[in-house]
Structures are given as structure tokens and as C-alpha cells.
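Student: Pasted the sequence and its predicted model underneath.
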Amino acid sequence: MTCVCSLYVRIPPLPRPFFPEGRNTAPPETALPPPSSKPPSALPLNLDAVRGSCSGFGPLSGRSIVLIGLMGAGKSTIGSRLAQRLGLGFVDADTEIERAAGCSIKDVFSLYGEEAFRDGERRVLRRLLDGPSRVIATGGGAFMNAETRALISERAISLWLRIPRPVLVKRVTGPTPPPPQNGVKPKDVLEQLMQVRHPIYAEADIVVQCGEDNVDNTTTRVIEALALNHRPRRVPVKLAKSPYEVIIGSGLVERAGVFLSAVLPQKRVVVISDANVAEYYLHPLLESLSDSGIAAQAVVVPPGESSKSIDEFRRVTDAILEHKVERKTAIVALGGGVVGDLAGFVAATTLRGLPFVQIPTTLLSQVDSSVGGKTGINTSWGKNLLGAFHQPAIVLADVSTLATLPPREIKAGYAEIVKSGLLGDADLFAWCEKHGAQVLSQDPNALAEAVERACAFKAAVVTEDEFETKAQGGRALLNLGHTFGHALEAEMGYDGSLLHGEAVSIGLRLAFMLSVRLGYCPQADLDRVTAHLDALGMPARISDLGRPFAVRTLLDHMTRDKKMQDGRLTFVLVRGIGQAFTCRDVPAQAVHDVLAEDGCAPDAT
């Protein structure tokens, strides 16, 4: 999917039938060259003729909406309908330029040249953006100018109406395409324009994928995208050797090419995804990468924990080596924690290390596994026993991908957010008590803030202890609830009947129970944790799993945990909410008693 282009490609002129009927101007690419006489230094404009006011103020805090896209994208048609539905005024920037210049855009180009036109176009747009919030449709080349682009970024919300090439060709050329001119077909000209302009259009604040849908449905999608739009939140992970950012927001998959272009050492990637996620997000991701000139291949694995296996690792590495990857070719993980762990381990080991990008699509992976660089696969002896530390170059946490998740997956991810508060951020847990229901109902603002808070907390922990080498505390604290949770997962066989986040949710309460039993934590804090989990319908007890467990069996799983040291059970315990610590000599009898109290069949320790 290689997209090679130059911003200096000269587009040959096309015959007049190529342009939509009724338009009295040609796009800049087809304008006649300036006359031989020296043009004026600036395009004279009557800015008083530009409409300085229009009725209506929308819910956008004073920011106008600027529509960008190629000719035929429907900027004027959709813009007019959008303005009507939002109660805003609508302005076609090309019409205002002609009004201010006193002549057609074609004549402006002929008499003054493109440089003068772009300067005048920017002055007109500045005048429009100085007024009340409105919807503005721009010419196809306006956003290509760096100064104009900066102006729009500062004062407005830019929205790209992205049209697939076949649809665009049909709209622009009509049912009977005109014959080639100078051996160049209109569809080839559009292809060249796409190669030149799409990488720049992709910098828009919002990208809306348009097709052959009707105007009202497309306008509805635009309004939905606007409702979800906020400038992305950014959480830095300030590691000494490999710092990176976690970018959190809506619609990031459709803009991934822009973010990746800034960090990739080579414009080539292999995307690893699972079959469920690929159905929804692989095609938009590949389109975004192509728009930014990034060549991409994809490898799809089966969904579920079974893909974190040696057999699947071998299959994936064989597939990417068959693609003849190079040392600078990046591996992109598109999916949940399973895909992220597998793809990260592939990236860490192939050719002794490839660049790595995380695009997590579950709440659990957005707040936990995508940040920190832990990668790995499972073995018959336990979870994540083969792995490596391999930090990503960037993490794109697109909260809009969570809309396709069932409530069970959201709850599983929420458990990791609660964990962050319980182990070291009492204010975060208090926030969860207040806003947890909004997170589980997938309120976009609550989701984004929850992901930001949890990622910021984890980033701080990882920065202090990247490789989990601290003797006390440090990154090991992130395992609060995990020793219990991993034992439950192992006993359930990693078959999907128990999600990792569900196991952690139960493990959190068990960790507090063990801390109370050992005299470290007050009963009131255990009661508070239990009340919060129960109030939101979170798994909290082993009995919630609906099957019998034996204490002996779970203890055996714990002894195989990678956190064992000198044959002793290691746990993360708490002295209260937000006060976790590591304890490397926990009495087995105390663990036995807690498991038995929570419903497991007791046995001799």
C-alpha cells in the first residue's frame, strides 16, 4: 500500500466537462499561468464586502467549523445542511474571495498568480474567523498552505470530508467520463491530487469517512463526530532512553497516519490485529496510513487469549519475515491486551528489535498493557512467562473504539483504573466512586478522563522503575490483585470464560482481605472497596464465578507465578486505600484462610 508523492507535482489541465456544472471557476491546479507582466505584490481585496456577521451561535465555544476536502466532497452542500441543523451561519470561502476580489478565482489566478491568491484567501478566512462561529466551506487548496492551516488550527475546528476515489471520480466526472487530455485521464488526476493532499488533509482535527450516503445521513455523522471531538489529551512517559506519548481522544484511528509519521523511522509498518478488531478498524487504519504515505501490510490472528501462544508467535513472525521487514519497519498492534502483548513480543524479538506502536482498542489495554513496555506470551506453565520489555514509540488510545465493546469488557478495563487508585492514588479512587457509573455507561468525557488519569499514574510508576528492579515498591505495585487474579485465570484455562480484568477485580478485594487479616489495613477500607465494586456490578468474590475452586489448586498456581522469590509467596498488600507495598514473605496459612473465607474448598497448606 505504498503511497509515494511530491508536493510539487504539476497537475495537467483537464477539459471543462471535468468540473461540476454551474461552477464558474477552475481549481488552482488548472489555472492559467500568470501573465508575463509583473503582477502586483498583493491581491487587492475589499474586505468590507466579506460577510462580517451571520446569525446563530453554536455549541462550539466560539470556534467555527472549517470543512476541507477535494472538489466533489460536498463541502458546500453538507456545510449548508450542517449549519442549518446546528443553528449556525454558513459561508462558502471561495464565494467570499470572489466578492472581495471583484472577479472570479480563475481571473485572480490568471492576473495575480497563486502566491497572491493564497495570501488573499488567508486574509478573507481571517476576516471570517474573526466573526461569530459558523460553518465555512473552503477551496480544495486552502488547507495546503501552511500559514492558512495554522490560522485554522488556532481559531477553528477543521473537519476533512474524506471521499473514496471511486465515489469522487463518479461525482466529479459524471456518468460519462470525458476523454483523456494530453493522455491523462481525470481519475488519474484525482489520484495525483489525493497523493499530494491527503497527507496534509489528515492533519485536520476531525476526519469523517464519507461515501455514497445521502446528505442528511452524512451530516448526522459529521454532527456525531463533532460531539465527540476534543483536542487529544497527551500523557508523556518520560523514560530516559525511550520517552514517548500516550495520546487519548476520539477518532484517532482515522488520524493515525499523522501521529505515526512524526515518530516512525521508516514509512513502512506491519499491522497485527485480531479478526474481531480488524472487522471494524483495520480498513480505516490502513486508509489513514496510506493517506500519510505509510506503506502497510496486515497480519490477522484469532481473537482471544489462545493467540498469546508459542505457535501463534511462530506463525506471526514467519508472516512478517515473509514480508521482508527491515530493522526500521514498525510493528503496529491494533487490538486489546492479547494483541498488544503478542505484537510487542514479536517486535522485541524479530531482527533483535523493531520499532513498536500501540493502538489499544479495549479499555483494559488502554489503561494498562499498552503503557510501560511489558510484552509476552503464555506457556503451559503460566501467563506471560515468555516476554521482554520493549517500549512503544507512541500509544494512540482511541476511546471511540470502545463503543463496539460489550459492557463486560468495559467493566474488565475499569478494574485496572480502580486498581491504580487503590494502590497509589486515593484521589483517583475517590474520582472512581463519583464517576464510575459514567465510565461504565461509556460517557466519552468520563472515559477520556479515566484513561488519562490511569495512564498518568502508570507513566509515573514506569518512569521510576522501568524494568521492575526496585527491591521495594516501584513497578511491582502495579500487580495489586494480580497474584490472586492470575491463579484464577490459570485454573480457568485462559479460555475466555474469565477476562483478565474480571480476575483483577476479584483479586483486588482478596488483596484487601489479606491485608486486613494480616493487620495492615483497616476493615473500613475493605468495606469501601467492596461497596464500590458491588455498586457497579463488578466481580468481587470467587463465588461470583459460579464454579467450585480448591484452595490447594489456587496455591499451586501461585507458586508458579513469576513473582515468586526464594520459594516464598510475594504479594502486593495495602495499608489503606492508595497505600500499597510489596510483601515478600506472606504466610501461606493466611492466604489459605482468605481463599477459604471467600468460598474456596479448604485444604491443608
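Tutor: All right, it came through fine.
Student: ok, residues contacting stretch 424-432?
Tutor: 414, 417-418, 420-422, 439, 450, 453-454, 457, 461, 477, 532, 577-580 (CB atoms under 8 Å, 6 or more residues apart in numbering). Glycine gets a C-beta too; all of them are placed from N, C-alpha and C.
Student: Give me the next element, helix or strand, following the helix or strand where I248 lies.
Tutor: Using DSSP states H and E, I248 sits within strand 244-249. Once the chain leaves strand 244-249, the next helix or strand it forms, by DSSP H and E, is helix 256-261.
Student: what packs against whichever helix or strand comes after that next one?
Tutor: Next helix or strand after helix 256-261 toward the C-terminus (DSSP H and E): strand 268-274. With contacts taken as 3 or more CB pairs under 8 Å, 6 or more residues apart in numbering; DSSP states H and E, strand 268-274 sits against helix 275-291, strand 295-301, strand 330-335, helix 337-349.
Student: between strand 268-274 and helix 337-349, how many degrees?
Tutor: Taking axes from the mean of the first three to the mean of the last three CA atoms, to 10 degrees, one finds strand 268-274 and helix 337-349 inclined to each other by 150 degrees.
Student: just the CA coordinates of strand 268-274, formatted as PDB?
Tutor: Extracted in PDB, the C-alpha atoms of strand 268-274 (Å, rounded to 0.1, in the frame of the first residue of the first chain):
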ATOM      1  CA  ARG A 268       6.500   1.200   6.500                       C
ATOM      2  CA  VAL A 269       4.600  -0.900   9.000                       C
ATOM      3  CA  VAL A 270       3.100  -4.300   9.600                       C
ATOM      4  CA  VAL A 271      -0.200  -4.100  11.500                       C
ATOM      5  CA  ILE A 272      -1.000  -7.100  13.800                       C
ATOM      6  CA  SER A 273      -4.700  -7.300  14.700                       C
ATOM      7  CA  ASP A 274      -7.300  -9.900  15.600                       C
END
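Student: So what are the sheet partners of it and their directions?
Tutor: In the sheet, strand 268-274 lines up against strand 295-301 (parallel), strand 330-335 (parallel) (DSSP bridges).
Student: among those strands, which is the most enclosed?
Tutor: Counting by mean count of other CB atoms under 10 Å, strand 330-335 has the highest mean neighbour count of these, with a mean of 28.
Student: any idea how far that one is from the chain center?
Tutor: With CA atoms, centre = their mean, to the nearest Å as the basis, strand 330-335 stands 12 Å off its chain's centre.
Student: got it, and stretch 594-605?
Tutor: Centre-to-centre, stretch 594-605 and its host chain are 43 Å apart (CA atoms, centre = their mean).
Student: Chain neighbours aside, what residue packs nearest to the residue nearest the centre of the chain?
Tutor: Centroid-nearest residue in the chain: D398, 2.8 Å away (criterion: CA atoms, centre = their mean). Nearest non-adjacent residue to D398, counting by CB to CB, 6 or more residues apart in numbering: L252, 3.8 Å away.
Student: The one you found and L282, how far apart?
Tutor: 15 Å (CB to CB, to the nearest Å).
Student: just A137 next, same as before
Tutor: Taking CB to CB, one finds A137 at 31 Å from L282.
Student: Those two - which one has more neighbours?
Tutor: Taking neighbours as other CB atoms under 10 Å, A137 and L282 compare with A137 leading, 27 against 20.
Student: list the contacts for the more buried one?
Tutor: Residues near A137 by CB under 8 Å, 6+ apart: 67, 75-76, 79, 90-94.
Student: How about L447?
Tutor: When contacts are taken as CB under 8 Å, 6+ apart, L447 is in contact with 363, 399, 402, 439.
Student: surely the second one meets I248?
Tutor: Think V399. Yes - here V399 reaches I248: they are 6.7 Å apart, a contact under CB atoms under 8 Å.
Student: shared neighbours, the two?
Tutor: 366, 448, 451.
Student: pLDDT of stretch 273-289, averaged?
Tutor: The pLDDT scores in stretch 273-289 average 97.
Student: Over to stretch 102-119?
Tutor: In this model, stretch 102-119 carries a mean pLDDT of 93.
Student: Beta-bridge partners for the closest residue to C583 other than its chain neighbours, please?
Tutor: Sequence neighbours aside, L573 is the residue nearest to C583 in space, at 4.9 Å (criterion: CB to CB, 6+ apart). Judged by DSSP bridges, the bridge partners of L573 are F581.
Student: before we move on, back to that, most neighbours, which of the contacts of L447?
Tutor: In the contacts of L447, the most neighbours by other CB under 10 Å go to L363, 31 neighbours.
Student: List the contacts of it.
Tutor: Counting by CB under 8 Å, 6+ apart, L363 touches 402, 405, 409-410, 412-414, 416-417, 447, 451.
Student: out of the residues you listed, which one sits closest to P232?
Tutor: Taking CB to CB as the measure, P232 sits nearest to V451 out of the contacts of L363, at 11.1 Å.
Student: coming back round to it: which of the contacts of L363 count as buried?
Tutor: 402, 405, 409-410, 412-414, 416-417, 447, 451 (16 or more other CB atoms under 10 Å).
Student: which one is V172 nearest to, not counting chain neighbours?
Tutor: G72 (4.2 Å).
Student: How much space separates the one you found from I163?
Tutor: For G72, the distance to I163 equals 7 Å [CB to CB].
Student: which residues are common contacts for the two?
Tutor: Shared contacts of G72 and I163 (CB under 8 Å, 6+ apart): R171.
Student: Turn the shared contacts of V399 and I248 into TSV, including secondary structure and pLDDT.
Tutor: Shown next, in TSV, are the shared contacts of V399 and I248 (DSSP: H, G, I helix; E, B strand; the rest coil; pLDDT from 0 to 100):
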residue	secondary structure	pLDDT
Q366	helix	98
A448	helix	94
V451	helix	97
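Student: Report the beta-bridge partner residues of A156.
Tutor: Beta-bridge partners recorded for A156 (DSSP bridges): S64.
Student: need the contact list for it.
Tutor: Contacts for A156 (CB under 8 Å, 6+ apart) come out as 63-66, 129, 136.
Student: Compare those and tell me which is most surrounded.
Tutor: Neighbour counts for those (other CB under 10 Å) peak at V66, which has 31 neighbours.
Student: Help me confirm that that residue comes into contact with R134.
Tutor: No - applying CB under 8 Å, one finds V66 not in contact with R134, separated by 9.5 Å.
Student: which residues do these two both contact?
Tutor: Here V66 and R134 have no joint contacts, going by CB under 8 Å, 6+ apart.
Student: coming back round to it: help me confirm that the residue nearest to V172 comes into contact with P164.
Tutor: No - with contact defined as CB under 8 Å, G72 does not reach P164; the gap is 11.3 Å.
Student: Check which helices and strands the helix or strand bottoming out on mean pLDDT in the chain sits against.
Tutor: Ranked by mean pLDDT, DSSP states H and E, the weakest helix or strand in the chain is helix 165-173, scoring a mean of 83. Applying 3+ CB pairs under 8 Å, 6+ apart, one finds that helix 165-173 makes contact with helix 186-201.
Student: Perfect, I'm done here.
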